[in-house]
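Student: My questions concern the predicted model and sequence given below.
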Amino acid sequence: MSDPNRIPSSVIRSLLEVYFIMGSVNCRLDPAEVLTEALGGGITLFQFREKGNGALTGSAKFELAKSLMQLCRAHGVPFIVNDDLDLAIALDADGIHVGQDDAPASMIRRRLGSGKIIGVSAHTLQEVQQAIEDGADYLGVGPVYPTSSKEDAQPVNGTRLIEELRLQGIDIPLVGIGGITLSNAAPVIAAGADGISLISAIAQADQISETARRFLKTVEEGLRHRE
Ligand SMILES: Cc1ncc(COP(=O)(O)OP(=O)(O)O)c(N)n1
Ligand SMILES: Cc1nc(C(=O)O)sc1CCOP(=O)(O)O
Ligand SMILES: [Mg+2]
C-alpha cells in the first residue's frame, strides 16, 4: 500500500524544474544575497552544499544554513541539505541529497520518515535501481557536461543515461546535473529530465535573478515541447 505521507512524484517533478545548489564557496557575493536573487528569479528547489576549499564548519555552517533556509521558507521553496543528515535533522530541513559515497537512502528514509524529500546521485542503471528500491524521491544524474564545481566528479555522461532510463520506462523524477548553462540546458529536458540542477551558472552569474528566470523559461518550454 502506498504511504499517504510520501510526497507525490508529480509534486517532486515540479520542484525539480530549476534546482539551484550552492554553498558559501560558490559565491562571489554574500550567499544570502545570491540566494535572494535566485529565489526572486524563480528557482524551484534549493540545496545547501557547503563543501570544498574554505567551506564553513560547525556553528558557522549551521548559522548560514539556518539563515538560507529562512529565505527559502519565505519564498515557499523547499530547502534540501547536501550529505549532512545531522544538519538536516537539526534544522528540520525539507530533505537531503546523498551520493554513492554517503549514507544509504534506505537508512536515511528510516531516520527522516516518509514526509521528507530524499535525493540520490546515480551514474549507472544499477545505481538507479538501487536508489529506487531504497526509497529515493528523485535522482541527480550527471555529470551531463564537464564541470569545475565538483573535484571528484565521474566521467561526463552527456544525456545518454537519462535517455536510456526513460526508454526503459523508468519514470522516477530526475534532474540532469553538471556543467549546465543556458546554451546547453534544452537537450537535458528533451532527453527526459524533469529539470536541471546547477551551481555556477546561477551562483556566478552577473545577473542572478534574470539568469534564474531564463533557466525556468527554458525548462518550461522544453517540458511543453515534450508533451
Ligand atoms: C541534485 C544533485 N545531484 C547530484 C549531486 C551530487 O551528489 P554527490 O555525488 O553526493 O556529490 P556531492 O555533491 O556530495 O559532492 C548533488 N549534490 N545534487
Ligand atoms: C554537485 C555536482 N554533482 C555532480 C554529479 O555529476 O553528480 S556535478 C556537480 C556540480 C554541478 O555544478 P555546476 O553546475 O557548476 O557544473
Ligand atoms: Mg554527497
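Tutor: Structure's in. What do you need? Ligands and ions are numbered 1, 2, ... in the order given.
Student: For the rest of this, base every contact and every neighbour count on C-alpha atoms.
Tutor: Noted.
Student: roughly how far out does the helix or strand bottoming out on mean pLDDT in the chain sit from the chain middle?
Tutor: Every helix and strand of the chain was ranked by mean pLDDT, DSSP states H and E. The lowest is helix 105-112, at a mean of 94. In terms of CA atoms, centre = their mean, to the nearest Å, the gap separating the centre of helix 105-112 from the centre of its chain is 18 Å.
Student: So the next helix or strand after it, near ligand 3 or not?
Tutor: Beyond helix 105-112 on the C-terminal side, the first helix or strand identified by DSSP states H and E is strand 117-122. No - Strand 117-122 is not in contact with ligand 3 by CA under 5 Å from the ion; minimum separation 7.9 Å.
Student: so A65 sits right up against F48, yeah?
Tutor: Yes - look at A65 against F48 with CA atoms under 8 Å: they come within range, at 6.8 Å.
Student: before we move on, back to that, tell me which residues in the least confident helix or strand of the chain are buried?
Tutor: A105, S106, I108, R109, L112 (16 or more other CA atoms under 10 Å).
Student: out of those, who's nearest ligand 2?
Tutor: Closest approach between these and ligand 2, by CA to the nearest ligand atom: A105, at 15.5 Å.
Student: Run a quick neighbour tally on the nearest residue to the closest one once chain neighbours are set aside.
Tutor: Residue nearest to A105 in three dimensions, not counting chain neighbours: D134, with 5.5 Å by CA to CA, 6 or more residues apart in numbering. Applying other CA atoms under 10 Å, we find 17 residues neighbouring D134.
Student: Quick check: D134 vs ligand 1, distance?
Tutor: 15 Å (CA to the nearest ligand atom, to the nearest Å).
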